[in-house]
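# 3D, please:
(chains A, B and C)
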Amino acid sequence: MGGLNPRQEEACSYTEGPLLILAGAGSGKTRVITHRIAYLINEKSVNPYNILAITFTNKAAGAMRERVDDIVGFGAESIWVSTFHSMCVKILRRFHDRIGGQNNFTIYDTDDQKAAIKEVLRLLSFDEKQYPVRAMISAISKAKEEFLSPSDYERKVAGNYREENIAKIYREYQKRLRSNNALDFDDLIFRTIDLFMMQPEVLEMYQERFRYIMVDEYQDTNHAQFILVKQLASKYRNLCVVGDDDQSIYKFRGANIYNILNFEAEYPDAKVVRLEQNYRSTSTILDAANGVIANNEGRKDKSLWTENPVGEKVRFTRYEDDRKEAMGVTEKIFGLLTEGHRLSDIAVLYRTNAQSRMLEEQLVRENIPYSLVGGTNFYARREIRDMVGYLKCISNPADDISLSRIMNVPRRGIGDTTVNKLREYAVLKGISLYDAVLDAASVPGVSRAVGKLQAFAELMEGFRREAGEGNLSLLYRDILERTGYKAELEAEKTDESASRLENLQELLNKITDYEMREEHPTLTSLLEEISLVADSDVEEETSDRITLMTLHSAKGLEFPFVFMVGMEERLFPSGMAMDSDDPDAVEEERRLCYVGITRAMKRLYLSAAMRRMVNGSINYSEVSRFIKEIPENLIRKDGVKERGNGFGDSFGGFSRGEPYYDEWQGSTFRKKAPYETKRNQYQSFGMKKAGMPKPGMPEPAKIDYQVGDTVKHIKFGRGVVKEMERGGNDYEVTVIFDSVGEKRMFASLAKLRKI
DNA sequence: GAACCCATCATTTTT
DNA sequence: TGATGGGTTC
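Residues are numbered from 1 along each chain as shown, chains lettered A, B, ... in the order given. I've put the predicted structure just below:
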């Protein structure tokens, strides 16, 4: 086995029976997984068809798929590489009817859940103040993660008045989802477990199929996922789980660290392989990480080591306030550029998304291109949700939630009163809301709106017929046109409406892309992809930029140069964790810190501010305990005063370096910086507000082509520009591509290159 | 039915 | 600071 160390090799070749791979940060985990799959196929003659690899995110699944394809070659495509959720959808699309469901269910996202909960609260006359929607969603989600049905939940909380009411909400919510033929994300797992329990022969079929199972990031699994894996693996017991308890940072969303800690208790015959050699970081960085994580109790015994060079000391700087901290970071970034490093080698990590603003402002001011990971999901935008609402309605007429969303969007004179009358009628007759609309003429009290309802019903029926014909992009365009949605936005002529239109165009691109990719495109599977595939795996970023993201999002990534900012008590570790009665809360923060440190390959910059704006008011904080947990000899502290709140004589304590920036020290650097700034590089993903360009964000796309030119597109390849039309501050370009024919797109999004 | 004002409340994120 | 939601007013 080429290029594997003995431990890695052991992990690859131990194929029969339960195996726990404790893979420390940077220990070559992905390599091991892919090599293991290759070993199974090539050495053990396992049929690729019998292999299942489960990951958490689509991104991870995609990456694994790619690597497996590279290394395995023939037969690789019949390996199931999948997320928990998409695996369950596949199974339920086939067998959900065996347990009293329908196979063409809709998947509800958080927004749909919210709407459903609101209806339930109204129905049960519960006060939203006492039973906040978000808290209810998370309580229900938690119950499902623990595989508790409404009855189980009721039993568990008996005697607690409030909890009993939550149980009622849970029960009613499930009832509603069922009548809407919808499942939420947690249901996907839950119902699959149900299916396997109630239909042993279905389970057996999958057990036979998945003789070799691998689960990545096992420390992130919740109890329901644990049960599911156990069911699938119980026949052949060839279960290989890979994870690192020290990198468990998702307790808040149900991850159960005991799944990995107790793996050996669950499978007494399990073999355990520890991957402890780190190939990523300098020994200084690694020892700093080890120093921090050593403060946690209840870990699997493990010590990471490396043969990498010692490298430089970790640097810590304490600044006066958050703005100075941001300035310090940009200045150091210029320093790195002067040393000849690339922007894409640099990441700035922070604990909370709110911290990005100050950094962004500073980066824009200094013309440093960045891309922001996270932020608002594309599919969470209003216009996108509206369109997806239409599609969901068309695909599943029983989906009252989606119907309520779009019935009066754009406004067509179907007001709340009318909708309420329709609801009453639907409940009375035991039919869906949509059926009530179809039967508008017999609904009492809506007489004035009957005409409008009938027109709406006709519109929707037309869409439904069209959906049957299978041209999804055409259907989508028709919805935009015939509902008047597009016209309304076009009439608005504001920056915001222009950006919404761009987003709608982008959705069209996604649909077209889906149609081209898929052999048998259907509305159901398109919606599935939209629900299941988050937006985070957006277009591969080609240009050179630094990356800004939360520590959570950084997991699994690596960068030569890493900044961790905001190393302050109550920010990191978070105040919430510190105040929690659960002692593990701070430990989880510490694991997060460990994750952050171990992202760095060459150099790690840590910083804190004495004073920072938090939730609109100024906070004074002390240096994070995690800084103190890094062994003294590994860290260089610039101008640090350990205690103090930023008042009075605290300025005296700085020893060296320049932790305090004169307003404009940074700008002298800018002139010296030996690199060119390209305009139009600033546009970041996940802009928070649809449409509002960030202050200082440059104009979109520079366009170096015109009608008649030959251009190149990332996905569609070569094409000729047929037409260019000004739309807002952008161009709408029509291109005839060799591969896919004519396409209309926005210049700023299409990234066309003249060739 | 829509525009506006005030009060409230703030981690982390994927599916 | 800022986003969001409810209530009020036109």
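
# Tell me if whichever strand or helix holds residue A:422 is near DNA strand B.
Using DSSP states H and E, residue A:422 sits in helix A:416-429. Yes - using CB under 7 Å from any atom of the strand, helix A:416-429 reaches DNA strand B at A:416-418. All C-beta atoms are positioned from the backbone trio N, CA, C, and that covers glycine.

# ok, so of the residues you listed, who is nearest DNA strand C?
Set against DNA strand C, the nearest of these by CB to the nearest atom of the strand is residue A:416 (11.7 Å).

# Turn the buried ones among the residues of helix A:416-429 next to DNA strand B into a named ChimeraX selection, would you?
Selecting only the buried entries of these in ChimeraX, with 16 or more other CB atoms under 10 Å as the criterion:
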select /A:418
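
# From DNA strand C, how far off is the residue in the stretch 601-750 of chain A positioned nearest to DNA strand B?
Using CB to the nearest atom of the strand, residue A:615 is the residue of the stretch 601-750 of chain A that sits closest to DNA strand B, at 3.7 Å. From residue A:615 across to DNA strand C, the span is 5 Å (CB to the nearest atom of the strand, to the nearest Å).

# Over to residue A:111?
From residue A:111 to DNA strand C the distance is 9 Å (CB to the nearest atom of the strand).

# neighbours around that residue, how many?
Each residue near residue A:111 was counted by other CB atoms under 10 Å, and the total is 15.

# surely it meets residue A:385?
Yes - using CB atoms under 8 Å, residue A:111 is in contact with residue A:385, at 6.3 Å.

# Point out where chain A drops to low pLDDT.
Within chain A, the ranges that satisfy pLDDT under 70 run A:1-2, A:534-542, A:639-703, A:713-717, A:725-732, A:739-753.

# List the buried residues in the longest helix seen in it.
Using DSSP state H, we find that the single longest helix of chain A is helix A:495-517. Buried residues in helix A:495-517, counted by 16+ other CB under 10 Å: A:497-512, A:514-515.

# right, and the helix or strand after it?
helix A:523-532.

# could I have that next one exported to CSV, CA atoms only?
Extracted as CSV, the C-alpha positions of helix A:523-532 are listed here (Å, rounded to 0.1, in the frame of the first residue of the first chain):
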residue,chain,number,x,y,z
LEU,A,523,-39.7,17.7,-10.0
THR,A,524,-39.5,15.5,-6.9
SER,A,525,-35.9,14.9,-7.2
LEU,A,526,-35.1,18.5,-8.1
LEU,A,527,-36.8,19.5,-4.9
GLU,A,528,-35.0,16.8,-3.0
GLU,A,529,-31.7,18.2,-4.2
ILE,A,530,-32.7,21.7,-3.3
SER,A,531,-33.6,20.6,0.2
LEU,A,532,-30.8,18.3,0.8
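
# So what's the gap between that helix and the chain middle?
16 Å (CA atoms, centre = their mean, to the nearest Å).

# Do you have the helices of the stretch 51-200 of chain A handy? List them.
A:58-72, A:84-95, A:110-124, A:133-145, A:150-157, A:161-179, A:185-198, A:200-209 (DSSP state H, counting those that start in this stretch).

# Compute the inter-axis angle for the shortest one and helix A:133-145.
It stands for helix A:150-157. On the basis of axes from the mean of the first three to the mean of the last three CA atoms, to 10 degrees, helix A:150-157 is oriented at 100 degrees to helix A:133-145.

# For DNA strand B, what's the nearest residue on chain A?
Counting by CB to the nearest atom of the strand, chain A gets nearest DNA strand B through residue A:415, at 1.9 Å.

# Neighbours of that residue, how many?
So residue A:415, with other CB under 10 Å, has 14 neighbours.

# contacting residues for it?
A:408, A:449 (CB atoms under 8 Å, 6 or more residues apart in numbering).

# Just put the helices of the stretch 51-200 of chain A in TSV and tack on distance to residue A:263.
Shown next, in TSV, are those (distance: least, CB to CB, whole Å):
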stretch	distance to residue A:263
helix A:58-72	20
helix A:84-95	17
helix A:110-124	31
helix A:133-145	18
helix A:150-157	25
helix A:161-179	30
helix A:185-198	19
helix A:200-209	20
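
# quick one, which of the ones you listed is nearest to residue A:287?
Closest to residue A:287 of those, according to CB to CB: helix A:58-72, at 28.1 Å.

# elements contacting the closest one?
helix A:29-42, strand A:51-55, strand A:80-83 (3 or more CB pairs under 8 Å, 6 or more residues apart in numbering; DSSP states H and E).

# What separation do you get for residue A:450 and DNA strand C?
From residue A:450 to DNA strand C the distance is 25 Å (CB to the nearest atom of the strand).

# tell me, how many neighbours does the spatially closest residue to that residue that is not a sequence neighbour end up with?
Excluding its sequence neighbours, the residue lying closest to residue A:450 (CB to CB, 6 or more residues apart in numbering) is residue A:440, at 5.0 Å. Using other CB under 10 Å, residue A:440 has 22 other residues around it.

# Is residue A:440 in contact with residue A:454, as I believe?
Yes - if you go by CB under 8 Å, residue A:440 and residue A:454 touch, sitting 5.9 Å apart.

# quick one: contacts for the spatially closest residue to residue A:50 that is not a sequence neighbour?
Excluding the flanking residues, the one nearest residue A:50 by CB to CB, 6+ apart is residue A:211, at 4.2 Å. Residue A:211 sits next to A:46, A:50-51, A:236, A:238 when contact means CB under 8 Å, 6+ apart.

# Which one (most neighbours) among those residues?
residue A:51 (26 neighbours).

# Please tell me I have it right and that residue contacts residue A:80.
Yes - if you go by CB under 8 Å, residue A:51 and residue A:80 touch, sitting 6.9 Å apart.

# Give the residues shared as contacts by these two.
residue A:210.

# Tell me how many other residues crowd residue A:711.
Residue A:711 sits with 22 neighbouring residues when counted by other CB under 10 Å.

# What helix or strand is it located in?
With DSSP H and E as the criterion, the answer for residue A:711 is strand A:710-713.

# what about residue A:412, distance to residue A:115?
According to CB to CB, to the nearest Å, residue A:412 stands 20 Å off from residue A:115.

# contacting residues around residue A:71?
Residue A:71 neighbours (CB under 8 Å, 6+ apart): A:34-35, A:37-38.
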